[in-house]
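# using only what follows, build the 3D model:
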Amino acid sequence: MKNLIVLLILLELSVYFSSCYTYEEKSEATYYKTCGTNVIGIAGADSDKPYVVIKYCVANGKETNTVKIDTVTPPYLLEPRNVNVLVDTVSNNYGDGSYELVINHNYYEKGAEYFEIENLSNDKSIEFFVAGSQDMKVSSATYCNGMNQIERIPYVLYKNAPIYYLLFPEKKYNKNVLSNGDYCDSIVYFEGNKCGDLTLDKPWTVNEVMALYRAEYNGSKDIQLSYSCWHTDIPRLSQYTTSYYHNKDISINLKYYGVIGANEKVKTEDGIPVLATNDLIYWDYLIRYRP
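Numbering: from 1, shown residues only. Okay, the predicted model is just below:
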C-alpha cells in the first residue's frame, strides 16, 4: 500500500511538472513574406574579361522570385535586394501572443535563398564576404542620459561600426545609442559622421572591407559578429556554427568569408547566409516576436 501511495505521488508530480514546462508549438499559417538579403562583396585580381558568375534571385510579385545571372570582374558588391520567402507562422501555448516566422528553406532555382558564385578563371582565386543589411532596431525604453538600447544591428561589426554602414554611409543610423542599457559607458556613436569608433568621410571600398575579413580569418580580433558575440565566442567568421531550432540534430557552418579557388564555386548550401534575417543565432527564424 505504501509503495502504491508513493507511486501515485510521483505520477501526480510528473503530470504537474510536465504541465508547467511543456512547450507546444502550433503552426497557424504558411505564406510568402518579403525579406531583404545580405550584402556580398567579391574581391580578386583585375582582368580585361569578366570571370566571376553570380546567380541569385529577386522578388517578382508577392509570391515568386526571378533568377538573375551577372558575370562580373572583381571588385564587385552585390547590394541588398528583396526576395519572397515561404514561412510558417508558429505560435506557442504561453498565451502572450508570441510567435515565430519559421523559414521553409529553398536553395533551388527561384527559391529565396538560391545563390551561387562561380570562379571561371583557370589561375586566379577570389574571395567573398557577407555583411548583414538588417534594419537597426532600438528599444522603446530609455536608459542612461535618455538613450535607447540597441536591440538589433546589421552584423558584422568593425570598431563598433556595422560593415553595412561602412559600405553605405547614407543608410547609417543617426542617433547615439547604448549597446547595453545596464552600462552608461556602452555608448555607440552614430550622430553626424560618426559610426561606432570611426569617422566616415566616404564609403569604404570592397577591397578595404575584404582586408578586414581576411585579417580576421588569419587571427585578427578587430571584427566581431555582434556586440554580444565576440571573437572568443566563435572560431572564425568563416566557420561560425549555428543550430537549427526546429531540427535540433542539425547544425550548419555559416561562412561570412571564404576563398574560391580557380574553376570552383560556392552555393548557399555551403553555408553562405543569404537572407537578412532578424535573428542571428536561430537560422530557421525569419522573425522571432516576443511582446
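
# and the helix or strand residue 55 falls within, what does it pack against?
Assigned by DSSP states H and E, residue 55 belongs to strand 52-60. Judged by 3 or more C-beta pairs under 8 Å, 6 or more residues apart in numbering; DSSP states H and E, strand 52-60 is in contact with strand 39-44, strand 64-72, strand 76-78, strand 82-92, strand 115-119. Every residue, glycine included, has its C-beta placed from N, CA and C.

# so that strand versus strand 39-44, what angle?
160 degrees (axes from the mean of the first three to the mean of the last three C-alpha atoms, to 10 degrees).

# and strand 52-60, how far from the chain's centre?
With C-alpha atoms, centre = their mean, to the nearest Å as the basis, strand 52-60 stands 19 Å off its chain's centre.

# got a list of what residue 165 touches?
154, 171-173, 195, 200 (C-beta atoms under 8 Å, 6 or more residues apart in numbering).

# buried stuff in the helix or strand it falls within?
If you go by DSSP H and E, residue 165 is part of helix 163-167. Using 16 or more other C-beta atoms under 10 Å as the test for burial, helix 163-167 gives 163-167.

# repeat that for stretch 151-168.
For stretch 151-168, a neighbour-count test (16+ other C-beta under 10 Å) marks 153-158, 160-168 as buried.

# which of the helices or strands spans residue 141?
Residue 141 is located in strand 137-142, with elements delineated by DSSP H and E.

# one step back: out of the buried residues of stretch 151-168, flag the one nearest to residue 44.
Residue 44 has its nearest neighbour among these in residue 167, at 17.7 Å by C-beta to C-beta.

# can you list the strands that the strand or helix carrying residue 101 pairs with?
For residue 101, the host element (DSSP H and E) is strand 99-103. According to DSSP bridges, strand 99-103 has the following sheet partners: strand 82-92 (antiparallel), strand 285-289 (antiparallel).

# CA atoms only: put that strand into PDB for me.
Only the C-alpha atoms of strand 99-103 are listed here, as PDB (Å, rounded to 0.1, in the frame of the first residue of the first chain):
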ATOM      1  CA  TYR A  99       5.100  33.700 -32.400                       C
ATOM      2  CA  GLU A 100       7.900  32.900 -34.900                       C
ATOM      3  CA  LEU A 101       8.100  33.000 -38.700                       C
ATOM      4  CA  VAL A 102       9.900  29.800 -39.500                       C
ATOM      5  CA  ILE A 103      11.700  29.700 -42.900                       C
END
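
# for the helix holding residue 165, what is the average pLDDT?
If you average the pLDDT over helix 163-167, you get 97.

# chain center to the helix or strand following it: distance?
Counting by DSSP H and E, the element after helix 163-167 in chain order, helix or strand, is strand 177-178. When distances are taken as C-alpha atoms, centre = their mean, strand 177-178 is centred 21 Å away from the chain's centroid.

# do stretch 201-211 as well
Relative to its parent chain, stretch 201-211 has a centroid offset of 20 Å by C-alpha atoms, centre = their mean.

# what of stretch 44-54?
27 Å.

# list the contacts of it.
Contacts for stretch 44-54 (C-beta under 8 Å, 6+ apart): 42, 69-76, 78, 116-121, 124-127.

# stretch 114-129 too?
Stretch 114-129 is contacted by residues 40-45, 47, 51-57, 65, 67, 74, 106-108, 163, 209-210, 213-214, 256-268, 272, 274 when judged by C-beta under 8 Å, 6+ apart.

# this completes my enquiry, with thanks.
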